[in-house]
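Q: Let me see the structure of the following:
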Amino acid sequence: MATRKFKDLTIRDAFMFAAVMSDPEICRRVLELALGIPISEVHIQTEKTMAYHSEYHGVRLDVYAADANRTRFNVEMQVTLQKFLPKRSRYYHDQIDMDALLTGDSYENLPDTYVIFICDFDPFGDGLYRYSTGTYCRETGNLVNDGVETVYLNAHGKNRKDIQEELLQFLDYVKNTGRTESILTEDPFVRHLQNTIDNIKLDRGMEERYMLLEEMMRNEKLEGRREMIRQCLLSSLESRFCTSAELKEKIVSETDLAKLNAWFQLSLKAASIEEFEKNM
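A: The predicted structure follows:
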């Protein structure tokens, strides 16, 4: 997939969403709209936003924040239908908890955590703008107070009469921006969002950062393809032949994708390991 030009990014693009949400006041207001609760202030954990983290499988462009009560929030824009969003949420909650425990907190002091997905699709297919999930006791139906909640916002919801007008305006903006000629709403928060995006697009430093992160993600995907072919190649050889440590090392250290592909095809045809090594 071709990289989108920086000037064409909208709030649905992960980089632009993270850039906009790096503004504490914008982040605070989005959290209030998503959760339907007042939030006095938030601190953005910039070291986990728009950066490269190998321990998180590479580039992370979701937003981490905490409020004055130590409640922690993870917010992510989702534009492609995902079958496993609830399990992704579970992973994010676990990561937040592990981070808290590493700082020396005991279990009883674990902060409340919210994971929020803003979706450009209906994640559950029931036509709702907001789906809120938590831990419940199956027998009693009562909420278990474990401090864990996930909220899925759906920009394509149908139940407009049940949703706060400001949240509707925000989700309409997520759905329509870049798909219609102009933004017609006069909602002040939406106008502020668009003005912020327009200003970000004038920032040469932000454009350079976008290009760098895009290059990192391309390299990450390429290395993933290399590793997959290496594993298939080794499995193919080891299922038929006795493979030396020297040959394994040569395969593992090879970075040329075309050569790895050719070796894999050769491994399927070679009658012996000697034939394979001779024609590598």
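
Q: now what about stretch 273-280, what contacts it?
A: For stretch 273-280, the external contacting residues (CB atoms under 8 Å, 6 or more residues apart in numbering) are 237, 241, 242, 243, 247, 263, 266, 267, 270. Quick note: C-beta positions are derived from backbone N, CA and C, even for glycine.

Q: meant to ask about stretch 95-114
A: Contacts of stretch 95-114 (CB under 8 Å, 6+ apart): 31, 35, 56, 64, 66, 69-74, 93, 147-151.

Q: Just say helix, strand or coil for residue 152.
A: Using DSSP: H, G, I helix; E, B strand; the rest coil, the structure places residue 152 in strand.

Q: quick one: it from residue 108, how far?
A: Using CB to CB, to the nearest Å, residue 152 is found at 29 Å from residue 108.

Q: Also residue 37?
A: Applying CB to CB to residue 37 and residue 108 gives a distance of 23 Å.

Q: Of those two, give the one with the bigger neighbour count.
A: residue 37 (9 against 5; other CB atoms under 10 Å).

Q: Confirm for me that residue 169 is in contact with residue 192.
A: No. Judged on CB atoms under 8 Å, residue 169 makes no contact with residue 192 at a distance of 11.6 Å.

Q: The two: which is more packed in?
A: Set side by side, residue 169 and residue 192 show more neighbours around residue 169, with 18 against 15, by other CB under 10 Å.

Q: Pretty sure that one sits in a strand.
A: No. Applying three-state DSSP, one finds residue 169 to be helix, outside a strand.

Q: Who are the contact partners of it?
A: Residue 169 touches 185, 187, 189, 190, counting by CB under 8 Å, 6+ apart.

Q: who touches the third one in this structure?
A: For residue 189, the contact set (CB under 8 Å, 6+ apart) comprises 29, 166, 169, 170.

Q: What pLDDT does the model give residue 95?
A: On pLDDT, residue 95 comes in at 86.

Q: C-alpha coordinates for whichever strand or helix holds it, PDB please?
A: Take DSSP states H and E as the rule and residue 95 turns out to sit in helix 85-102. C-alpha atoms of helix 85-102 as PDB (Å, rounded to 0.1, in the frame of the first residue of the first chain):
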ATOM      1  CA  LEU A  85     -10.600  -6.000  19.100                       C
ATOM      2  CA  PRO A  86     -11.800  -7.300  22.500                       C
ATOM      3  CA  LYS A  87      -8.600  -9.400  22.800                       C
ATOM      4  CA  ARG A  88      -6.500  -6.400  21.600                       C
ATOM      5  CA  SER A  89      -8.200  -4.500  24.500                       C
ATOM      6  CA  ARG A  90      -7.200  -7.300  26.900                       C
ATOM      7  CA  TYR A  91      -3.600  -7.000  25.700                       C
ATOM      8  CA  TYR A  92      -3.600  -3.200  26.200                       C
ATOM      9  CA  HIS A  93      -5.100  -3.400  29.700                       C
ATOM     10  CA  ASP A  94      -2.400  -6.000  30.600                       C
ATOM     11  CA  GLN A  95       0.300  -3.700  29.300                       C
ATOM     12  CA  ILE A  96      -1.000  -0.800  31.400                       C
ATOM     13  CA  ASP A  97      -1.200  -3.000  34.500                       C
ATOM     14  CA  MET A  98       2.300  -4.400  34.000                       C
ATOM     15  CA  ASP A  99       3.700  -0.900  33.600                       C
ATOM     16  CA  ALA A 100       2.000   0.100  36.900                       C
ATOM     17  CA  LEU A 101       3.400  -2.900  38.800                       C
ATOM     18  CA  LEU A 102       6.900  -2.300  37.400                       C
END
